[in-house]
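In: Based on what follows, work out the 3D shape:
(one chain, ligands or ions: 3)
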Amino acid sequence: MKPKIAFFDFASCEGCQLQVVNLEAEMLDVIGAVDIVQFREAMTEKSDDYAIAFVEGSITREKDIPRLKKIREQAAILVALGACACIGGVNCLKNFQPLEDVRKYVYGDKADWYETFAARPIDAVVPVDYYIHGCPIHKDEFVKVTKALLLGKKPEIPTYPVCVECKRTGNVCVFELGLTCLGPITRAGCGAWCPTYRDNCAGCRGLVPDPNTNAEKEVLKKYGLTVEQAISQFRIFLGYSEVAK
Ligand code: SF4
Ligand code: SF4
Ligand code: SF4
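Out: Numbers count the residues shown, from 1 in each chain. Ligands and ions are numbered 1, 2, ... in the order given. A predicted model of the protein is given here:
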């Protein structure tokens, strides 16, 4: 019998699920090996009988908690899909402003109709078995991780920083272009996507396990930048790790 897998979303733009839908040719391989029993973005059929759950989005409301716990109870393997689920992602920007103000910006005079609390990654609520990082996720990594899970193997996710891939690609360091970059402390796996296109790494794949923050500080200092400047610029993805310290 094929393993049953399901996809779920919490607060997110659903871009990571879209990456899965856009797999096209590779998706046929994956579909051939599994039964997808729930995937709101791609199909209407729905079953709660699944073994592997891919969860996108961060947790932003009280009522998300029982729903996520129920998914966890059913799933033998739970995989966090994308930066929102893995590290809290862009949703955590709201954690640095009064939540009442945030609700008013979004819902105006209907603000009281909608509950909200500080955004958090899904592992702040339930144990997570595996992580597929990025905003959005890389299609190749999704296929690689899924194949490893189906073979009963531990998926290999890089623990070294983006700088390694960046150097390997032969990029000019964007610090030389006047930008600030979180590559020295961000987990690799994207092939240094942003620096390759002359943009800075904003840390969407989260911090490496033991980030060398001293090295990052030294690099910032060398280019006349302060840690505070880096934090304010890169809170976009790493805000939760900032408040969780
Ligand atoms: S990680 Fe990025 S692409 Fe994925 S759901 Fe969140 S905001 Fe969208
Ligand atoms: S700091 Fe950024 S641009 Fe420079 S090598 Fe590291 S990842 Fe590449
Ligand atoms: S370079 Fe940084 S921000 Fe860009 S995709 Fe890779 S980890 Fe994310």
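
In: When you work out contacts or count neighbours from here on, use the C-alpha atoms and nothing else.
Out: Noted.

In: in this protein, which residue is closest to the centre?
Out: Centre of the chain computed as the mean C-alpha position; nearest residue by CA atoms, centre = their mean is Ala83, 1.4 Å away.

In: show me the contacts for Thr226.
Out: Listed by CA atoms under 8 Å, 6 or more residues apart in numbering, the contact set of Thr226 reads Lys217, Leu220.

In: please renumber so the chain begins at 467
Out: Noted, 467 is the first residue going forward, which turns the last one into Thr692.

In: can you pull out the strands in the chain?
Out: Remark: strands assigned in the chain by DSSP state E are 470-475, 501-505, 518-522, 543-547, 596-598.

In: For this structure, which residues are neighbours of ligand 1?
Out: Within reach of ligand 1 by CA under 6 Å from any ligand atom, the chain has these residues: Ser478, Cys479, Glu480, Gly481, Cys482, Gly523, Gly548, Ala549, Cys550, Gly600, Cys601, Pro602.

In: give me the number of residues near the residue nearest to the last one when sequence neighbours are not counted?
Out: The one in question is Pro602. Spatial nearest neighbour of Pro602, chain neighbours left out: Cys482 (5.1 Å); criterion: CA to CA, 6 or more residues apart in numbering. Number of residues near Cys482 (other CA atoms under 10 Å) recorded here: 27.

In: Just to check, Cys482 is in contact with Cys550?
Out: No - applying CA atoms under 8 Å as the test, Cys482 and Cys550 come out as separate, 9.4 Å apart.

In: shaky segments in this structure?
Out: Filtered on pLDDT under 70, the chain yields the residue ranges 693, 695-699, 709-711.

In: Tell me which residue of it is furthest from the middle?
Out: Farthest out in the chain is Asp575, which, by CA atoms, centre = their mean, sits 31.7 Å from the centre.

In: got the residues of the protein near ligand 3?
Out: Contact residues, the chain versus ligand 3 (CA under 6 Å from any ligand atom): Gly600, Cys656, Ala658, Trp659, Cys660, Cys667, Ala668, Gly669, Cys670, Arg671.

In: and the closest residue to the second one other than its chain neighbours, how many neighbours?
Out: Which is Cys656. Leaving aside its sequence neighbours, Cys656 sits nearest to His604 (CA to CA, 6+ apart; 7.0 Å). Neighbour count of His604, defined by other CA under 10 Å: 20.

In: Let me see the contact set for the residue lying closest to Ala508 once chain neighbours are set aside.
Out: Spatial nearest neighbour of Ala508, chain neighbours left out: Val487 (6.8 Å); criterion: CA to CA, 6+ apart. The contact partners of Val487, taken as CA under 8 Å, 6+ apart, are Met493, Glu507, Ala508.
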